[in-house]
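J.: fold the following and give me the result.
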Amino acid sequence: MPKRVDPDLRRDQVADAVIDEIDAHGIRSVTLARIAARSGLAVGSIRHYFGDTLGEVMRFTLSTLVRRAVNRNPKLSSDPATRITDVITFVAPTNEQERKENAALVEYRVMARTDPALAAEVAATSSATTEAIRSLLLEALPSGSIDEEVLNREVLYLHSLIEGFSFSAGLSTEPLREEDVRSVAEAAVQRVLRSHSQAREERGSGAREVGL
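T.: Here you go, the predicted structure:
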């Protein structure tokens, strides 16, 4: 009796081959023949799971990269400020598998700039990260210490750290060091919190002086 093959495992095997090919030679190098060579599957088998177009394989691989990022299980502190640092550190690629997946995702993001078929999923991922930073920052700051316009700038500032770590790692053959990422993230978060806590205290002091 023939051995049954799990189609989900086969598709993940193909996605891993695409990720390895992008890491080694770039996204423009990916072909069904190269995927077959890396995965050990016949081209016909790949077509069986994805149809005749390379585009289906590429879209599935992007979805796989996003799914793996979402399904990772970070250990977050109970302290709101530390949680922001935890999130920034968590999404940075600090081991070899994360580095390869990040390199592939960076290339997808560049391609998505001119490819509407990829743009929506890439944009949704970035938006979700931004909203997570916004929510955590509002939780960490004293109530009423920041207005909407300034909040948007601080969210952009912290999100740019995530983007910077991602694109920097995407150009490297080595993963980032977790302790370096955490140190930079901690300094950035504390700068934001300190700045707005001090501003709130100064406004309160000024109001008391006027009352006198």
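J.: check contacts around the spatially most central residue of the chain.
T.: With distances taken as C-alpha atoms, centre = their mean, the residue of the chain nearest its centroid is residue 91 (5.4 Å). Neighbouring residues of residue 91 by C-beta atoms under 8 Å, 6 or more residues apart in numbering: 69, 129, 162, 165-166. C-beta here means a position set from N, CA and C on the backbone, and glycine is covered the same way.
J.: just the buried subset of those residues, please.
T.: Buried members of the contacts of residue 91, scored by 16 or more other C-beta atoms under 10 Å, are 69, 129, 162, 165-166.
J.: quick check, nearest of those to residue 32?
T.: residue 69 (25.6 Å; C-beta to C-beta).
J.: measure the spatially closest residue to residue 25 that is not a sequence neighbour to residue 15 for me?
T.: Setting aside the residues directly before and after it, residue 25 is nearest to residue 34 in space (C-beta to C-beta, 6 or more residues apart in numbering), at 7.9 Å. Here the criterion is C-beta to C-beta, to the nearest Å. By it, residue 34 lies 14 Å from residue 15.
J.: cool, and residue 126?
T.: According to C-beta to C-beta, residue 126 stands 21 Å off from residue 15.
J.: first vs last residue of stretch 48-58, how far apart are they?
T.: 15 Å (C-alpha to C-alpha, to the nearest Å).
J.: so what's the gap between that stretch and the chain middle?
T.: Centroid separation for stretch 48-58 versus its chain: 25 Å, with C-alpha atoms, centre = their mean, to the nearest Å.
J.: now stretch 86-101
T.: 8 Å.
J.: same question for stretch 53-69.
T.: 15 Å.
J.: and the contacts of it?
T.: By C-beta under 8 Å, 6+ apart, stretch 53-69 touches 11-12, 14-15, 18-19, 27, 30-32, 35, 46, 50, 91, 101, 104-105, 108, 117-118, 121-122, 125.
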